[in-house]
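> sequence unknown, structure follows:
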């Protein structure tokens, strides 16, 4: 290999440490923090971080290759991860402990998975696979480890990039040794840049949530940083005045792009070129520390100091924000609270940098065996030890949390109906203080009801517009009952199915989430309209003896006129027309009143108020109309017994109070859907009400 890069003389300083780039790091992380905390959006600062990391990695590796040294692979990986993992492990452990203590248990399993994903640099793939929206700043769903996606992408590139550089060096040595190594490496990175940018633009247009986390959609940002590192010696020969003006333009663009750009809708496609190219202009600007240059501002001591802490600041600020909003139940931080959060993140970063990162680095450099032992590879051994210890300790914390979840599951499984009677609770029931409320927050995914089996045979809709169809019982001709509606019909299905099967009958459940049958607003959704049309045709052909539908519609929040949810409960507006085809076929229609909706997650509220469950209850008159809209509807229509009312409000809201917990069983699995555990405990009450309404034997 040629001993040196063929650099122009003016570029000799580019190989030296650039203090102003520490200031650029600080500017980027401050923008990330400010936009996260006060504006609930992203700024493009992360894109600058990603580009900078490739710039530094490529600069240092290319210089080594040009000097005739072998490109570092294993040693390079160990060097970088032994520096990254200590602080990351401390933050992950802190989040695990804080989440275990402070967050409701229904969020534990996801955070356990995310802790492992973050620790092993695959958080971006976890979020992409789970279709997490990075722009959803609702703390009921935001994860305190969500921001590890960018560190995961960076970690993956830190593994890949040395390989690309090593392959470039091999090709250069074998075939192109007479030309500058930078040209060969630039060819590789140019191909990566073009292919990744095209892919990023395409996937951003078609699936932006996945694109945001996809490594392939981010490769071009790293490639841009690498191309800049390789081209900087030649860029530095351009007139200083041009580079200075471009640098200031880049500075203004970085500061203002987060406020102007539609980051939510168009990143990381071509729009991400704006902050990354702006950062490239700053890097290419004259590095001399003068007020005329951007480096003069970026080299200010406070910014440089913050640049040294930028990694930790990024690690700490997001979990601090999430926990603050969770504990205060606020949607946004005030200016004062946000300022304190930024100060806290800076202080936490200073602590972990001074007391974790720097001592670990110093220990690696001073690491040694006794003189009588072989001394070769001591640095690599120390780095392996740092990586192993960091991963090991953090994994132990996650494992301890998992074991606690399993212990709670075992305790819950050992409980009897006496501990959790649910709807069968008697007036003289004496609850055990040690009994856990069921269902556990970690088991809520199993609380969605799907009784029976998929519709088959003559009951198979054979229509793609009907996506959810279940059946059960003993079929002998037409089904005895068809349940039709949305998820609020689904959450009663286990009790209704049990009532029919107990009498030897048959049933079918046809539903579509978010699609209330006969409700005009829902039907404006083309998919819902298609379902309603297909369901009407399917059910009229079945001609069931009975049809159970949701007939009224509840809401959770006051409206623009400050009417309470109870004042807004109405009859499904197109109900009479929607049920007429079934009446014409001779089916009896059971018009069921909707269930109350809450503005908060009942399981989370129960977790947070274990000693004061009444805090999670709500007066029935606030959530439901004073008079059942179904009764008013039937009073205005002469259906006789062909249309009857079914109202389970007395079960859910005894004595005028809509309960969060009944008989040590959580009534809801979220803010609006009933838990399967509670509904199954209420089978007898539902069957009695059903028979009374319909005359079913």
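Received it, and whenever you're ready, just let me know what you need. Since the structure is predicted, the reported quantities are computational estimates derived from the model, not experimental observations. Numbers count the residues shown, from 1 in each chain.
> isn't residue 114 right up against residue 123?
Yes: counting by Cβ atoms under 8 Å, residue 114 touches residue 123, with 6.3 Å between them. Backbone N, C-alpha and C define where each C-beta goes, glycine included.
> intersection of neighbour lists for the two?
145, 146, 148 (Cβ atoms under 8 Å, 6 or more residues apart in numbering).
> since we're on the second one, how many residues are nearby?
Using other Cβ atoms under 10 Å, residue 146 has 21 other residues around it.
> Quick check, it in contact with residue 130.
No: between residue 146 and residue 130 there is no contact under Cβ under 8 Å: 10.8 Å.
> if I pick residue 114, what's in contact with it?
Going by Cβ under 8 Å, 6+ apart, residue 114 touches 123, 126, 143, 145, 146, 148.
> Reformat those residues as TSV; add pLDDT, secondary structure and distance to residue 278.
Converted to TSV, the contacts of residue 114 look like this (pLDDT from 0 to 100; DSSP: H, G, I helix; E, B strand; the rest coil; distance: Cβ to Cβ, whole Å):
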residue	pLDDT	secondary structure	distance to residue 278
123	96	helix	27
126	94	helix	30
143	91	coil	30
145	96	coil	29
146	93	coil	25
148	97	helix	25
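> In PyMOL, how would I select just the buried ones from these?
Entered in PyMOL, the line below selects the buried ones among those, by 16 or more other Cβ atoms under 10 Å:
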select buried, resi 123+126+143+145+146+148
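> helix or strand right after the worst-scoring helix or strand of the chain on mean pLDDT?
Ranked by mean pLDDT, DSSP states H and E, the weakest helix or strand in the chain is helix 263-266, scoring a mean of 63. Next along the chain after helix 263-266, taking DSSP states H and E as the criterion, comes helix 273-284.
> quick one: contacts for residue 71?
So residue 71 contacts 61, 64, 65, 162, 165, 166, 169 (Cβ under 8 Å, 6+ apart).
> Skipping its backbone neighbours, what lies nearest it in space?
Nearest residue to residue 71 in three dimensions, chain neighbours excluded: residue 166, at 4.3 Å (Cβ to Cβ, 6 or more residues apart in numbering).
> Do I have it right that that neighbour meets residue 73?
Yes: taking contacts as Cβ under 8 Å, residue 166 lies within contact range of residue 73: 6.1 Å.
> one step back: pLDDT and distance to residue 491 added to the contacts of residue 71, as TSV?
Listed next are these as TSV, based on pLDDT from 0 to 100; distance: Cβ to Cβ, whole Å:
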residue	pLDDT	distance to residue 491
61	93	58
64	89	63
65	91	63
162	95	53
165	96	56
166	95	57
169	94	62
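> Which members of those are classed as buried?
61, 65, 162, 165, 166, 169.
> and the gap between the second one and residue 203?
The spacing between residue 65 and residue 203, counted by Cβ to Cβ, to the nearest Å, is 33 Å.
> before we move on, what about the first one?
From residue 61 over to residue 203 the distance is 29 Å, taken as Cβ to Cβ.
> now swap in residue 148 and tell me
Distance, residue 148 to residue 203, using Cβ to Cβ: 21 Å.
> Determine how far the last residue of stretch 294-305 lies from the first.
17 Å (Cα to Cα, to the nearest Å).
> What of stretch 328-338?
Note: stretch 328-338 ends 13 Å apart using Cα to Cα.
> list the buried ones in it?
Within stretch 328-338, the residues scored as buried using 16+ other Cβ under 10 Å are 333, 337, 338.
> doesn't the first one fall inside a strand?
To tie it back to what came earlier, the one meant is residue 333. No: counting by DSSP: H, G, I helix; E, B strand; the rest coil, residue 333 is not found in a strand; it is coil.
> Got the confidence number for it?
pLDDT recorded at residue 333 is 93.
> What of the one 5 residues further on?
If you check residue 338, the pLDDT there is 95.
> ok, now which ones touch it?
Applying Cβ under 8 Å, 6+ apart to residue 338 gives the contacts 34, 37, 38.
> So which of these are in helices?
34, 37, 38 (DSSP state H).
> Please, where are all the strands along this protein?
Listed in chain order, the strands of the chain (DSSP state E) span 453-454, 468-473, 481-485, 506-511, 546-550, 552-553, 570-571, 588-592, 618-619, 643-646, 657-658, 661-662, 665-666.
> Minimum distance to residue 29: which of these has it?
With Cβ to Cβ as the criterion, residue 29 lies closest to strand 665-666 of the strands of the chain, at 41.1 Å.
> other SSEs contacting the closest one?
For strand 665-666, the packing partners by 3 or more Cβ pairs under 8 Å, 6 or more residues apart in numbering; DSSP states H and E come out as helix 602-608, helix 676-681.
> lowest-confidence stretch among the ones you listed?
helix 602-608 (a mean of 93).
> which parts of that one are buried?
Neighbour-count burial for helix 602-608 flags 602, 603, 604, 605, 606, 607, 608 (criterion: 16+ other Cβ under 10 Å).
> and that helix, how far from the chain's centre?
Chain-centre distance of helix 602-608: 20 Å, with Cα atoms, centre = their mean, to the nearest Å.
> what residues does that helix touch?
The contact list for helix 602-608 (Cβ under 8 Å, 6+ apart) reads 104-107, 140, 437, 439, 441, 444, 613, 615-616, 660-661, 666-671.
> So which bits of stretch 253-270 are buried?
Buried, per 16+ other Cβ under 10 Å, within stretch 253-270: 253, 254, 257, 258, 261, 263, 266, 267, 268, 269.
> Setting aside sequence neighbours, what's the nearest residue to residue 613?
Nearest to residue 613 is residue 661, by Cβ to Cβ, 6+ apart, at 5.0 Å.
> So what's the residue count around that neighbour?
Close neighbours of residue 661, defined as other Cβ under 10 Å, add up to 24.
> Please tell me the pLDDT value assigned to the spatially closest residue to residue 696 that is not a sequence neighbour.
Spatial nearest neighbour of residue 696, excluding adjacent residues (Cβ to Cβ, 6+ apart): residue 690 at 6.3 Å. The score at residue 690 is 95. That number is its pLDDT.
> count of residues packed around residue 690?
Neighbour tally, residue 690, other Cβ under 10 Å: 24.
> I figured it hits residue 647, correct?
No: with contact defined as Cβ under 8 Å, residue 690 does not reach residue 647; the gap is 11.3 Å.
> returning to that earlier point: out of the helices and strands packed on strand 665-666, nearest to residue 477?
Across the helices and strands packed on strand 665-666, closest to residue 477 is helix 676-681 (Cβ to Cβ), at 28.1 Å.
> What helices and strands are in contact with the closest one?
Where contact means 3+ Cβ pairs under 8 Å, 6+ apart, helix 676-681 is packed against helix 493-502, strand 665-666.
> With mean neighbour count, mean pLDDT and distance to residue 401 as extra columns, can I get those in TSV?
Converted to TSV, the helices and strands packed on helix 676-681 look like this (neighbours: other Cβ atoms under 10 Å; pLDDT from 0 to 100; distance: least, Cβ to Cβ, whole Å):
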stretch	mean neighbour count	mean pLDDT	distance to residue 401
helix 493-502	22	94	31
strand 665-666	27	97	22
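> Among these, which comes closest to residue 391?
Proximity to residue 391 (Cβ to Cβ) singles out strand 665-666 among the helices and strands packed on helix 676-681, at 36.6 Å.
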